[in-house]
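# Build me a structure from this.
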Amino acid sequence: KNQDIVDTLAVRFSAKAEDVVSAVVRQGDELNTVKHQLRERTQQLQKYIAAELIEDAENINGTRLVISLQQGAQMNELKTLAEKLTEQPDALAVLFSQNGETLMYQLARGKGVKHSVRELIQAVNAAVGGKGGGRDDFAQGSAPIGGASDVNGTVEQIKSYCKAVLKG
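Residues are numbered from 1 along each chain as shown. I've put the predicted structure just below:
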C-alpha cells in the first residue's frame, strides 16, 4: 500500500521513488512563495483600484460614496480594498462581489464619516436577502443569488439608498 502511494507520487512529480519526499517539499516551498507573491501583487493592484474608485466617487454632503461590484473577489480582498478606500477619512465604501451563487459585501467608513455601516448593512441585508453585521466602521455579509437575481440592479438600488441616506 505505501509503495503504491510512493509510486503514484513519483509519477505525479516526475521523480524517482527515493526523491518523492524532496519533490513534495520543494513543491510546497514553491507554492508558499507563489502565494506570497500573489498576496503582494494583489495588495498593489488594490491600491490602484482604490485610487481609481476614490477619484470616481460621488461627493454627497462631504462624504465620498464608493459603491463597486468587484467580480470574483474573495471576502478578504473586499476587506483589504475597503481598508485602502477608508484611509480617506471622508470615504464610505460599499463593495460587492459575485462569487458563484453567492453575493458577498463589505461596508466600511472613513474616520470622518458619521453614518454607521452597522445600520447601513441592515438595509443591504434586507435588499439582497442576506445575513451580515459588524461594527459602526466595518461590516460584512453575504447572500445567496437566486437564478433570476440581477446583481447590477441590486447594486444600483443600494447606491440610490445610500445617496438618500447621505443627503439626509
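# show me where the protein has strands.
Applying DSSP state E to the chain gives strands spanning 58-60, 63-69, 91-99, 102-109, 131-134, 138-144.
# what about those strands, which gets the closest to residue 4?
Closest to residue 4 of those is strand 91-99 (C-beta to C-beta; 37.4 Å). For every residue, glycine as well, the C-beta is placed using N, CA and C.
# How much space separates the nearest residue to residue 9 once chain neighbours are set aside from residue 13?
Leaving aside its chain neighbours, residue 9 sits nearest to residue 20 (4.6 Å; criterion: C-beta to C-beta, 6 or more residues apart in numbering). Going from residue 20 to residue 13 by C-beta to C-beta, to the nearest Å gives 6 Å.
# Would you tell me which helix is longest in the chain?
Counting by DSSP state H, the longest helix found in the chain is helix 20-56.
# Now that helix: buried residues?
Within helix 20-56, the residues scored as buried using 16 or more other C-beta atoms under 10 Å are 20, 23, 42, 46, 49, 50, 53, 54.
# wait, doesn't the second one sit right on residue 15?
Yes: Residue 23 is in contact with residue 15 according to C-beta atoms under 8 Å; the separation is 4.2 Å.
# quick one: contacts for residue 167?
60, 61 (C-beta atoms under 8 Å, 6 or more residues apart in numbering).
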